[in-house]
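K.L.:
I would like the atomic coordinates for the input below:
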Amino acid sequence: MSPPTALIAEDEAVLREELTAQLAELWPELRIVALAGNGLEALQLMGRHRPDVLFLDIEMPGLTGLEVAHQAERGMHIVFITAYDAHAVAAFERGAVDYVLKPYRSERLAESVRRVRERLGRTLPVLDGVLRELAAAARPRNYLRWINASSGQELRLITVDEVCYFQADAKYTLVMTEEGEAIIRRPLKELIDQLDPNQFWQVHRSTIVNANAIAGVSRDLRGRVRLKLKHRRELLPVSEAHEHLFRQM
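P.N.:
Numbering: from 1, shown residues only. Model (predicted):
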């Protein structure tokens, strides 16, 4: 019996490599026959290789993962890659397709692998209805574009792109920018749901970093991961639970 084959379609190169590496550990017999960086490329490679399993990022340039899935052959098993649980809850509960969240967690990916392996060889139901529900759930959300923050006696208007990182401070949150720091009267746990998860990554229970502000990654003498920022001198600690974000860096 030939080993199962898979295509990975993910427009972020680092995450594509991370998923490839994790699948090699969790499913050694799976052959990754194609890697795509956008939806159009995924569609072409899918037709050329006809893989057994498709790992499709929902949000890709060219065509979305949902649009690619509409063109998939009946026997292809689909695992969607998404930043939001809501995108895939309906399909996941039906068991017709599966999903993994970005950034990737080994436990969740292992569960997806287990489910797909159980379904290999089975006849899958028609997915049109499920894909329509997913498309409705995946409509763009409105994330914070700017925030009002206090800096001394001054009230500042800060765009989220200016933020290097957010730091929890009791009931408040510190907003760290290239120019200095400010404070917002909102706890970090409330703020995180309003930030774009593709840009802002939680790296510690008390820290959310702007991925675009990261200059590099290092380890201290005890092996703990530290982030170097482009416009600030301090190093940000990364908790063990979030080290997988930087495994390929």
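
K.L.:
first to last residue in stretch 192-205, what's the distance?
P.N.:
11 Å (CA to CA, to the nearest Å).

K.L.:
What are the contacting residues of that stretch?
P.N.:
83-84, 102-103, 143-144, 160, 166, 168, 208-212, 227, 236-239, 242, 245 (CB atoms under 8 Å, 6 or more residues apart in numbering). Backbone N, C-alpha and C define where each C-beta goes, glycine included.

K.L.:
Just the buried residues out of these, in ChimeraX syntax.
P.N.:
A single ChimeraX command selects the buried members of the contacts of stretch 192-205 (16 or more other CB atoms under 10 Å):
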select :84,102,103,160,166,168,208,209,210,211,227,236,238,242,245
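
K.L.:
Among the contacts of stretch 192-205, which ones are in strands?
P.N.:
166, 168, 208-210, 227, 236-237 (DSSP state E).

K.L.:
Endpoints of stretch 27-40, how far apart?
P.N.:
Where stretch 27-40 begins and where it ends lie 27 Å apart, using CA to CA.

K.L.:
same question but for stretch 146-160, I mixed them up
P.N.:
End-to-end span of stretch 146-160 (CA to CA): 5 Å.

K.L.:
do the same with stretch 7-17
P.N.:
Using CA to CA, one end of stretch 7-17 lies 13 Å from the other.

K.L.:
Met46 belongs to a strand?
P.N.:
No: under DSSP: H, G, I helix; E, B strand; the rest coil, Met46 sits outside any strand and is assigned helix.

K.L.:
With adjacent residues omitted, what lies nearest to it?
P.N.:
Leaving aside its chain neighbours, Met46 sits nearest to Leu7 (5.8 Å; criterion: CB to CB, 6 or more residues apart in numbering).
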